[in-house]
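Enquirer: sharing a model prediction with you, sequence too.
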Amino acid sequence: MIPAQVSLVDVGPRDGLQNEKQPVSAAHKIELVHLLQAAGVREIEVTSFVSPKWVPQMADNAQVMAGLQRMSGVRYSVLVPNLKGFEAALASRPDEIVVFGAASEAFSQRNINCSIEESVERFRPVVEAAHAHRIKVRGAISCSLGCPYQGEVTPDEVERVVRLMRGIGVDHCGIADTIGVGTPKRVQAVMERALRHYPIAEVSGHFHDTYGQALANIYACLEIGIQTFDASIAGLGGCPYAKGATGNVATEDVLFMLNGLGIETGIDIDKLVDAAAFISNLLGRKPVSRSGNALLAKRAA
């Protein structure tokens, strides 16, 4: 079942940078995207069109999108929280938009003050508008393996949200382990629920490495044929629900494993490490990635 080819979606420019307190200029964000595409990354989550009041790091969203030197064959996606966000994003010509719901009722109430069903229903006009403009819609389901408020989240709860997303016409289903508590068998059980409603090419995994399980969870997904994964350059993005913990799995670590398995991605690991070094130096710290640090050390030696 292990696929011969895998697509990596680098979410570093958006999900990775959004919680950084240190401002990153639009020019540097653009440079990061350019380095990622030069390395062969063909799907990049660039920015989000949310209120700068809530996410000040993404206030330059239109400027970043306008500054990109777009490469043929690269898909540039943006996250939108509602129809207003989509309308703001439209002028920037995204290839794909990302909407997000939660598998945990407690998380939904605590974060956006409404039920899961209400939150998904808010995306119905967004999906309709995106499709009217021939823009693909990717849905992300957060807290699919656990919730910081509720604790355990069951496969039944995840499948309910998958069904709701499918019901409003969302094209792609991303299963996200927001707090990084998933383990391989549990991940496979949840993925199998998503596969009841979406074809395998339209299901992806987004794993945080909070408890060191991200690569094991990706391998578990490969075993059942999943072929698309989110990852973040240099491991950008901590886990906001576990102070000091790592968040997104590093793209370099995922790529190192995939290379070892003989799985084709089209990404050059040396150029990817260049991108990781660039953003890490800018932020004044080492990459979280173990393979990235090992390869940088090897270069220095």
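Expert: Everything's here; your move. This one's a predicted model, so the numbers in the text were calculated from it and none came from an experiment.
Enquirer: contacts and neighbour counts: CA atoms only from here.
Expert: Will do.
Enquirer: quick check: residue 89 is in a strand.
Expert: No. With DSSP: H, G, I helix; E, B strand; the rest coil as the criterion, residue 89 is assigned helix and is not in a strand.
Enquirer: contacting residues around it?
Expert: 49, 62, 78, 80 (Cα atoms under 8 Å, 6 or more residues apart in numbering).
Enquirer: ok, now residue 56?
Expert: residue 18.
Enquirer: related to what we said a few turns ago, pick out the most distant pair among the contacts of residue 89.
Expert: 62 and 80 (12.6 Å; Cα to Cα).
Enquirer: state whether residue 221 is indeed within a helix.
Expert: Yes. Counting by three-state DSSP, residue 221 falls inside a helix.
Enquirer: between residue 62 and residue 80, which one's more packed in?
Expert: Comparing residue 62 with residue 80 by other Cα atoms under 10 Å, the one with more neighbours is residue 80, at 23 against 19.
Enquirer: give me the pLDDT for the more buried one.
Expert: On the pLDDT scale, residue 80 is placed at 97.
Enquirer: what number of residues lie near the closest residue to residue 131 other than its chain neighbours?
Expert: Excluding the flanking residues, the one nearest residue 131 by Cα to Cα, 6 or more residues apart in numbering is residue 137, at 7.9 Å. Using other Cα under 10 Å, residue 137 is surrounded by 24 other residues.
Enquirer: what is residue 137 paired to in the beta sheet?
Expert: residue 97 (DSSP bridges).
Enquirer: where's it relative to residue 126, distance?
Expert: 9 Å (Cα to Cα, to the nearest Å).
Enquirer: remind me, longest helix of the protein?
Expert: The longest helix of the chain (DSSP state H) is helix 269-283.
Enquirer: list the buried residues for that one?
Expert: For helix 269-283, burial by neighbour count (16 or more other Cα atoms under 10 Å) applies to 269, 271-280.
Enquirer: pull the following helix or strand past that helix out as PDB, backbone CA atoms only.
Expert: Note on helix 269-283: by DSSP states H and E, the next helix or strand toward the C-terminus is helix 290-300. Taking Å, rounded to 0.1, in the frame of the first residue of the first chain, the C-alpha atoms of helix 290-300 are listed here in PDB:
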ATOM      1  CA  ARG A 290      17.000  16.800  13.600                       C
ATOM      2  CA  SER A 291      18.000  15.900  10.000                       C
ATOM      3  CA  GLY A 292      18.300  19.600   9.100                       C
ATOM      4  CA  ASN A 293      20.700  20.200  11.900                       C
ATOM      5  CA  ALA A 294      22.700  17.000  11.100                       C
ATOM      6  CA  LEU A 295      23.000  18.000   7.500                       C
ATOM      7  CA  LEU A 296      24.100  21.600   8.400                       C
ATOM      8  CA  ALA A 297      26.700  20.200  10.900                       C
ATOM      9  CA  LYS A 298      28.000  17.900   8.200                       C
ATOM     10  CA  ARG A 299      28.400  20.900   5.800                       C
ATOM     11  CA  ALA A 300      30.200  22.800   8.500                       C
END
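Enquirer: got the contact list for helix 290-300?
Expert: 234, 252-253, 256, 273, 276, 286-287.
Enquirer: same thing but 7 Å
Expert: With Cα atoms under 7 Å, 6 or more residues apart in numbering as the test, helix 290-300 has contacts from 252-253, 256, 273, 287.
Enquirer: and for stretch 24-42?
Expert: Residues from elsewhere that reach stretch 24-42, judged by Cα under 7 Å, 6+ apart: 13, 60, 63-64, 67-68, 73-75, 266-268, 271-272, 275, 279.
Enquirer: what residues sit buried inside it?
Expert: Those buried within stretch 24-42 under the rule 16+ other Cα under 10 Å are 24, 26, 29-42.
Enquirer: what do you get for stretch 107-120?
Expert: 107-108, 115-117, 119-120.
Enquirer: now for the contacts of stretch 24-42, which pair is the farthest apart?
Expert: 60 and 266 (29.8 Å).
Enquirer: of the two, who's got more company?
Expert: Shown here are residue 60 and residue 266; by other Cα under 10 Å, residue 60 has more neighbours (18 against 14).
Enquirer: can you check my assumption that residue 100 lies in a strand?
Expert: Yes. Counting by three-state DSSP, residue 100 is found in a strand.
Enquirer: for residue 198, what are its contacts?
Expert: Not one residue lies near residue 198 by Cα under 7 Å, 6+ apart.
Enquirer: give me the phi and psi angles of it.
Expert: According to degrees, to the nearest 10, the main-chain angles of residue 198 amount to phi -130, psi 150.
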